[in-house]
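[1] this one's sequence-less:
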Ligand code: NAP
């Protein structure tokens with residue numbers, strides 16, 4: 001691919017799980033990926049992601065950064081633009097859970113989930129918006145969740161953050177459409193990653209009984225939808241929330 005057709009993708013939370021699968025689905029020579037992760041500082045998972053993408057001929061950088069930190073994100077994106085000159089794709093994937101029932105939820109659990117899951121989407125999207133509109137090209141994909149649409153006991157903070165992402169997606173899609181920047185969300189159901197591995201066995205079984213297809217999803221299932229949304233074939237899709245959940249929510 002010619003140097004001037006090189007594309008640059010930023011993926012938040014790319015060290016493992018769905019973020020890593022998204023990077024692997026996109027990775028090809030001619031694409032530069034910059035991803036971030038936060039904890040722990042020395043992360044072998046981040047190193048593995050870098051190696052796996054390099055094996056596919058993709059240029060890749062992993063940067064330790066808290067996506068909830070507005071100023072740090074501004075500096076991060078400024079650095080990407082300095083080094084690579086453009087940002088074509090932004091996948092807002094980083095997310096955390098701090099599950100507990102409302103009556104037991106601590107303020108710190110509410111604040112952390114809203115900051116990492118929702119404020120980060122504002123931070124990163126705002127930071128790339130000027131460049132994308134200047135380029136007259138951009139693809140933003142936000143990773144929401146089925147619980148943002150249907151709610152879930154024990155996840156008031158998480159569900160609120162993901163419902164917030166859906167409203168944000170539709171609003172910003174309307175703001176940026178005239179500049180050929182599409183903004184969509186993907187709302188996965190129950191996907192097998194470290195995030196869901198933490199759930200008690202009973203909670204996992206309860207999820208599985210609600211899935212008509214009878215199985216959990218894989219990170220690659222999510223990655224393929226993201227890959228489609230940033231493709232040329234999806235250039236007429238904006239402001240949408242694409243659900244993929246084995247039929248759990250229809
Ligand atoms: P995961 O395996 O726990 O991975 C989360 C990723 O986010 C890691 O790379 C993590 O890196 C990064 N991250 C967390 N906090 C961060 C911060 N403050 N700054 C920068 N990076 C941060 O989770 P996953 O299951 O792949 O989930 C990915 C996304 O999909 C999340 O938004 C999640 O809410 C959403 N989702 C997941 C499911 C599911 O069933 N798994 C369903 C619906 C939606 P470090 O650990 O290094 O910080």
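    Sure, I can see it. Nothing here was measured: the structure is a model prediction, and the numbers come from that model. Numbering: from 1, shown residues only.
[2] does anything pack onto whichever strand or helix holds residue 223? Which helices or strands?
    In the assignment (DSSP states H and E), residue 223 maps to helix 219-229. Other helices and strands packing on helix 219-229, by 3 or more Cβ pairs under 8 Å, 6 or more residues apart in numbering; DSSP states H and E, are helix 17-26, strand 138-143, strand 181-188, strand 241-244. Placement of C-beta: from N, CA and C, glycine included.
[3] quick check: mean pLDDT of the helix or strand following the first one?
    This points to helix 17-26. Sequence-wise, the next helix or strand beyond helix 17-26 is strand 31-37, with elements assigned using DSSP H and E. Rounded to a whole number, the mean pLDDT of strand 31-37 is 97.
[4] how about the following helix or strand past strand 31-37, does it reach the ligand?
    Scanning forward in sequence from strand 31-37 by DSSP H and E, the next helix or strand is helix 44-55. No - contact between helix 44-55 and the ligand is absent, the nearest approach being 6.6 Å (criterion: Cβ under 6 Å from any ligand atom).
[5] flag the shaky bits of the protein, pLDDT-wise.
    Residue ranges of the chain with pLDDT under 70: 1-5.
[6] for it, what lies in contact range of the ligand?
    12-19, 36-39, 43, 65-68, 93-96, 116, 143, 145, 188, 190-191, 193-196.
[7] make a PyMOL selection of the buried ones in those.
    Selection of the buried residues among the residues of the chain next to the ligand in PyMOL, burial being defined by 16 or more other Cβ atoms under 10 Å:
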select buried, resi 12+13+14+15+16+17+18+19+36+37+38+43+65+66+67+68+93+94+95+96+116+143+145+188+190+191+193+196
